[in-house]
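> What follows is a predicted structure for the sequence shown.
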Amino acid sequence: MPGFARTGMLLAVLALGLAACDVESAMTPPVCEEAPAASARLVPDPTRAPSPPIPTPLPVPSPQQLAWQEQEMLLFVHFGINTFTGNDWGTGKESPLLFNPSALDPRQWVQTARAAGFNGLIFTAKHIDGFSLWPTRATNHSVSNSLWKRDVVREVADACHEADLPFGLYFPLWDRRAPSYGTPAYDDFFVDQLTELLTGYGPLFEVWLDGAHGEGIDIHPYDLRRYWQTIREHQPEALIANGGPDVRWVGNEKGTAPETLWSEVDGNWYPAECDVPNRPSWFWRPNENDHVKSLEEHVALYFSSVGRNCTLLLNVPANTDGVLPEPDVRRLLEFRAALDRIFADDLAAGRPVTASATRADHPGWQPQNVVDGDPATFWTTDDDVAEGWIEIDLGRARFNVVEIEEALAYGQRVEAYRVEAWTDGAWRTVSRGTTIGHKKLDRTELVVTSKVRLVIEGARANPAIRHVGLYFDAPDAEACLPPAP
């Protein structure tokens, strides 16, 4: 949920195949030959051993942080008393009787998340207005005193667990209705409610502690260490995000990470999450059904978040019926189809690869690993080699999307890189960047070439690259381009 003081909270936390085409006319759909089989994604060989471990002189992620980064896209669902008032920030004075969804269906939320390729769901158990969507014992401002009566958190949790979709909870630090806010008793109240959520709804993969608060108020001195300790005690596998030590807010609500994004902050592994609403508002409003983000915006979000070493947390609000609105669901499915189209055929998959150097000539670290489709293998060099290149023989290919991934279990290493293509008898730079991390996606001009190089210009330690992919994104009118010479 948006907040004016997230930056301050963050500081507090830190302190602690080619297609040949025949275009008949501008009005006639292009006719394209089938792409060659060589461009298909590879299926990892289950009999191959993973690459052996290498020294890790840098901060590394915990197993939970590494799994979280692999999730890539998470669905955020805002739902509560604000759904029925049309506000994003409630006052705390709303009557519980306003909350009365006519057809609550969390299973529809989960089915949508799964179909659209989202790998976790985070739900607003309570917002800053203090209205609790479970029958809490700590306050009467909850579903217990609504016309609804049912435990919404329970229904969402059950739907997620039944579908084996990781379930997480949003829980704001500020409760503007709590009379104890600003006193030591507020920490007791906060922990009481937090404990109810941590112990009553099965395993959680993420607890999102929103540090947002209004302007011009005296901010309660939150006992963050106590909150974190409570989460660790009851949900040791859960990551504590935003107002916590495990995942940080990227710094904006646009779903955009900076081009340079390190997952290490002050010597600690602290990856970033990009939260963004699918509509202008975080909670549902009937007049925003025609203002859902476009398909082009969704694809751009993926490139600017997941494609910059971030995890995308996309909010889709449930409506007053208690379901995700049809315009949003349709757009999410279109989004999934667009990503599947862009990344369906990896032109580098299985192609011959050479390198400037390879660590100790061990087969577990060979350059061929970057195109074998196996996330457990990677290419690396000796410890004292922080620069180098890998070269992929494409035969003949054209592409306009580059995908690079580091073996993140060994830390984030690359500081600068460039991608070169062999054209007209020379190497030409087609993209360049700084950090890579979990994934870096670069759009390029249309490149027609026989071979490509990834050049590591600098790194904090010997580079460890697990994947290089090349793709041809051919939307609409660009679907058919002249064949490569």
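Thanks, I have it.

> where does the protein have its least confident helix or strand?
Scoring the helices and strands of the chain by mean pLDDT, DSSP states H and E places strand 21-22 at the bottom, with a mean of 30.

> Send me stretch 368-379 as PDB with only the CA atoms.
Below are the C-alpha coordinates for stretch 368-379, written out as PDB (Å, rounded to 0.1, in the frame of the first residue of the first chain):
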ATOM      1  CA  GLN A 368      28.500 -24.800 -22.300                       C
ATOM      2  CA  ASN A 369      26.500 -24.700 -19.000                       C
ATOM      3  CA  VAL A 370      25.100 -21.200 -19.800                       C
ATOM      4  CA  VAL A 371      23.000 -22.700 -22.600                       C
ATOM      5  CA  ASP A 372      22.100 -26.100 -21.200                       C
ATOM      6  CA  GLY A 373      18.800 -25.000 -19.600                       C
ATOM      7  CA  ASP A 374      19.900 -26.300 -16.200                       C
ATOM      8  CA  PRO A 375      19.700 -23.700 -13.300                       C
ATOM      9  CA  ALA A 376      22.100 -25.800 -11.200                       C
ATOM     10  CA  THR A 377      25.000 -25.400 -13.600                       C
ATOM     11  CA  PHE A 378      27.100 -22.400 -14.400                       C
ATOM     12  CA  TRP A 379      30.300 -21.100 -16.000                       C
END
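
> list the buried ones in it?
If you call a residue buried by 16 or more other Cβ atoms under 10 Å, then stretch 368-379 has these buried ones: 368-374, 377-379. Quick note: C-beta positions are derived from backbone N, CA and C, even for glycine.

> want to throw these into a markdown table with distance to Asn87?
A markdown table is the format used below for the buried residues of stretch 368-379 (distance: Cβ to Cβ, whole Å):
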| residue | distance to Asn87 |
| --- | --- |
| Gln368 | 56 |
| Asn369 | 52 |
| Val370 | 50 |
| Val371 | 51 |
| Asp372 | 52 |
| Gly373 | 48 |
| Asp374 | 49 |
| Thr377 | 51 |
| Phe378 | 49 |
| Trp379 | 52 |
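
> mind listing which of those are in strands?
Members of those lying in strands (criterion: DSSP state E): Trp379.

> Now do the strands in the stretch 351-485 of the chain.
Using DSSP state E, counting those that start in this stretch, the strands of the stretch 351-485 of the chain run over 353-355, 379-380, 388-406, 414-423, 426-433, 440-459, 464-471.

> hey, where'd the helices end up in the stretch 51-200 of the chain?
Taking DSSP state H, counting those that start in this stretch as the test, the helices found in the stretch 51-200 of the chain are 63-71, 106-115, 152-162, 184-200.

> can you list contacts of stretch 287-305?
73, 250, 255-257, 274, 276, 278-281, 311-312, 314, 325, 327-328, 331-332, 334-335, 338-339, 342, 441, 443 (Cβ atoms under 8 Å, 6 or more residues apart in numbering).

> Just the buried residues out of the residues you listed, in PyMOL syntax.
Here is the PyMOL command that selects the buried residues among the contacts of stretch 287-305 (16+ other Cβ under 10 Å):
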select buried, resi 73+250+255+256+257+274+276+278+279+281+311+312+314+325+327+328+331+332+335+338+339+342+441
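
> Looking at the contacts of stretch 287-305, which are in strands?
Of those, the ones assigned to strands by DSSP E are 73, 274, 276, 311-312, 314, 441, 443.
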